[in-house]
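**Student:** pasting a predicted model and its sequence here:
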Amino acid sequence: MGVITLTTDLGHRDFYQAALKGSIISQLPDVRLVDITHEIPSFDIQRAAVVLRNAFRYFPDGTVHLIGIDTVFQEDSHYAMMKFDDHFFVGADNGIFSIILGDNDPQELYEIDIMQDLRYLHFPLADILSKAACHIAKGEPLSAIGQPMEKPLKKVLVQPLVSANSIKGHVSYIDAFGNVISNISKELFNEIQKGRSFKLHFKRNETINKLSWHYNEVPEGEKLCLFGISNFLEIAINKGHASRLLGLQQDEVVMVEFLDS
């Protein structure tokens, strides 16, 4: 019995999510469907990639991850299937595959070659993409329904600006608890820090100069920074909503200054 996860911007109000699930179950009645999220902002492939990159490794090898972001049919639309880290990803070739890969190469990459059913021309997620996901979940080869691709469409994300004594990053994600996650990885932080003390600067001239191991390490209502489950530098408030209380929004600048004394 295959596992298919769903990451979409369909929300919960309309019938689209139900139609997608119905199309999958009709093809594969015993499938295990898992919702990662349907609350990605419309067409926001960067946000979807952040969520999926942090979630997919918790699933067993061979899981199929169906991505429903910016999949609406256009004359130049391309849909792809990718095997990476022993997981499978299905979605529009709109840049999200390159974000998930980062600097890595896929194990397999194919453009989906399935005839579009004109009845579902405006909803390929429930047609071409769901058919491809079910095909893979049955254990069938990608090559049977696709043509090899050299590389996916490249989407370039803004990277932190690094000097010998600082890292200038930005807010890449805000979770449901209001925790503010930056694009500064633990590996990059350690590489530039070299054991030095630091000061984290962000909006309203706020600063933090100590890494915490967990959220409850400071009193309730106090701010902190730590490397959470995402392995990226995170600003939080113990039992509080850091984004609202600190005025930090998506894409705002955060800077780490490393001190020699």
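**Tutor:** Perfect, thanks for sending it.

**Student:** burial measure for the closest residue to H12 other than its chain neighbours, as a count.
**Tutor:** Residue nearest to H12 in three dimensions, not counting chain neighbours: H38, with 6.1 Å by Cβ to Cβ, 6 or more residues apart in numbering. Using the backbone N, CA and C atoms, a C-beta is placed for each residue, glycine as well. Other residues near H38 come to 17 when the count uses other Cβ atoms under 10 Å.

**Student:** what's the answer for L188, then?
**Tutor:** Neighbours of L188 (other Cβ under 10 Å): 18.

**Student:** for it, give me its contacts.
**Tutor:** Shown in contact with L188 (Cβ atoms under 8 Å, 6 or more residues apart in numbering): P160, V162, I167.

**Student:** and the helix or strand containing it, what's buried?
**Tutor:** L188 belongs to helix 186-193 when assigned by DSSP states H and E. For helix 186-193, a neighbour-count test (16 or more other Cβ atoms under 10 Å) marks L188, F189, I192, Q193 as buried.

**Student:** would you check that the last one makes contact with F258?
**Tutor:** Yes - under the criterion of Cβ atoms under 8 Å, Q193 makes contact with F258 at 5.7 Å.

**Student:** and the gap between T37 and R119?
**Tutor:** Applying Cβ to Cβ, to the nearest Å, the value for T37 to R119 is 28 Å.

**Student:** I'd like the contacts of L188 laid out as TSV, including secondary structure and neighbour count.
**Tutor:** TSV is the format used below for the contacts of L188 (DSSP: H, G, I helix; E, B strand; the rest coil; neighbours: other Cβ atoms under 10 Å):
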residue	secondary structure	neighbour count
P160	coil	20
V162	strand	15
I167	strand	25
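
**Student:** ok, back up a step: can I get the helix holding L188 in PDB, CA atoms only?
**Tutor:** What follows is helix 186-193, C-alpha atoms only, in PDB (Å, rounded to 0.1, in the frame of the first residue of the first chain):
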ATOM      1  CA  LYS A 186      23.300  26.000  11.500                       C
ATOM      2  CA  GLU A 187      26.200  24.900   9.400                       C
ATOM      3  CA  LEU A 188      26.800  28.400   8.000                       C
ATOM      4  CA  PHE A 189      26.500  30.000  11.500                       C
ATOM      5  CA  ASN A 190      29.100  27.600  12.900                       C
ATOM      6  CA  GLU A 191      31.400  28.100  10.000                       C
ATOM      7  CA  ILE A 192      31.500  31.900  10.400                       C
ATOM      8  CA  GLN A 193      31.200  32.000  14.200                       C
END
